[in-house]
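> Provided below are the primary sequence and the corresponding predicted coordinates.
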Amino acid sequence: MVHAFLLIRAEPSRVADLAEALAAVDGIAEVYSVAGDVDLVGIVRVARHDDLADVVTRHVAQLPGIVETRTMVAFQAFSRQDLDALWDLGAE
């Protein structure tokens, strides 16, 4: 499974509509409107890297109102549960 964060700058008047359109794209698990350098962050979860390229270039980049996208591929995931388990190693 490939996980990626899709950072999107959008035309201000299109942010809400884009968020809904992005959430409907197969492969995009979640969409967040955010403050800062980008307007939206999409969480992409797909089976293969080729699928990631398809989501970003064929589906997302074609949506009206997209100004710029940046894709950050996740290498490793850390969660509170993972970190708690790490600190418990050798505690017995």
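Perfect, I can see it now.

> can you map out the helices along the protein?
Counting by DSSP state H, the chain has helices at residues 15-23, 49-54, 80-88.

> elements contacting the shortest one?
Pointing back at helix 49-54 there. On a contact count with 3 or more Cβ pairs under 8 Å, 6 or more residues apart in numbering; DSSP states H and E, helix 49-54 meets strand 2-10, strand 66-73. No exception for glycine: its C-beta is placed from N, CA and C like everyone else's.

> burial of the closest residue to Arg48 other than its chain neighbours, as a residue count?
Spatial nearest neighbour of Arg48, excluding adjacent residues (Cβ to Cβ, 6 or more residues apart in numbering): Val2 at 6.4 Å. Residues contacting Val2 under the criterion other Cβ atoms under 10 Å number 16.

> so what's Val2 up against?
By Cβ atoms under 8 Å, 6 or more residues apart in numbering, Val2 lies in contact with Val44, Arg45, Val46, Ala47, Arg48, His49, Asp51, Leu52, Val73, Ala74.

> can you turn the buried part of these into a PyMOL selection?
Burial among the contacts of Val2 is assessed by 16 or more other Cβ atoms under 10 Å; the matching PyMOL selection reads:
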select buried, resi 44+45+46+52
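
> what pLDDT does the model give Leu89?
Among the per-residue scores, Leu89 shows a pLDDT of 57.

> report how many residues lie close to Val56.
With other Cβ under 10 Å as criterion, Val56 counts 21.

> tell me which residues form a beta bridge with Ala4?
Bridge pairing for Ala4 (DSSP bridges) gives the partners Val44, Val73.

> separation between it and Gly42?
Counting by Cβ to Cβ, to the nearest Å, the separation of Ala4 from Gly42 is 8 Å.

> below-threshold pLDDT in this structure: ranges please.
81-92 (pLDDT under 70).

> could you state which residue of it sits nearest its centroid?
The centroid of the chain falls nearest to Ile43 when counting by Cα atoms, centre = their mean (2.4 Å).

> any idea how far Phe78 is from the closest residue to that residue other than its chain neighbours?
Nearest residue to Ile43, sequence neighbours excluded (Cβ to Cβ, 6+ apart): Glu30, at 4.2 Å. The gap separating Glu30 from Phe78 is 18 Å, by Cβ to Cβ.
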